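Trainee: Got a predicted structure plus its sequence, pasted below:
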Amino acid sequence: MTINVLQAALLGLFACLASLPGMGGTTVGNYTLGRPLVGGLVVGLILGDVPTGIIVGAAIQVVYIALVTPGGTVSADVRAVTYIGIPLSILAIHAQGLDPSSTEAASLAAALGTIGTVLFYGTATLNLVWQSIGWKAMETHDWKRIRRTIPLVDFVYPWVSHILFSFVPPFIICMAGSSMVQLMKDYMPMDGIAMKTLFTVG
């Protein structure tokens, strides 16, 4: 089983939608599309294996069932778990004949929560750069410049951050597919401390 360009683009698009605060004030985006249980169905539809998508999504949802983001702090980003982890888990299940409800499949996806956290804070950090451009424009007291700059800083540039950190990584990682699964297995062996910790926590 492989992931083609269209499928990777759709997974990237849903990763973008899942982290879009404007969709019902995060209700539709983060708290619905971003959840592994719902995302498992979406990923299953995109990859053409709905039962496996739902089983993997449900197994991963158990790990993140009580995940909250108090004050904007993010311990794990379910967007990456859902739209990078579930597709890679489905590839591993097909390539290695794993049981979809096994801890190996769930732990592979759960391990990507940290990657998602890096992506979340990457977006926030790049948005600070855009805000500094806005502040510099405000300090000039040149109202023509301010009227030109502020819409870019508030509406256009944040989309650059969002696409750069929400669409591009899932697209690239999902396109890499089974080679990425092998790379993760090499750097995070199933009998290593990282995976044993995830098994225990799971």
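Mentor: Received, thanks. Residues are numbered from 1 along each chain as shown.
Trainee: other SSEs contacting the helix or strand hosting Phe14?
Mentor: Mapping Phe14 onto the secondary structure by DSSP states H and E places it in helix 5-18. Secondary-structure packing of helix 5-18 (3 or more C-beta pairs under 8 Å, 6 or more residues apart in numbering; DSSP states H and E): helix 36-47, helix 78-80, helix 168-176. C-beta coordinates here come from the backbone N, C-alpha and C atoms, glycine included.
Trainee: Contact partners for the spatially closest residue to Ala9 that is not a sequence neighbour?
Mentor: Leaving out its chain neighbours, the residue that sits closest to Ala9 by C-beta to C-beta, 6 or more residues apart in numbering is Phe171, at 6.2 Å. The contact partners of Phe171, by C-beta atoms under 8 Å, 6 or more residues apart in numbering, come to 8-9, 11-12.
Trainee: Would you tell me which helix is longest in the protein?
Mentor: Determined from DSSP state H, the single longest helix within the chain is helix 113-140.
Trainee: and that one with helix 5-18, angle?
Mentor: With axes from the mean of the first three to the mean of the last three C-alpha atoms, to 10 degrees as the basis, helix 113-140 and helix 5-18 are set at 60 degrees to each other.
Trainee: what's the following helix or strand after helix 113-140?
Mentor: With elements assigned by DSSP H and E, the helix or strand that comes after helix 113-140 is helix 143-151.
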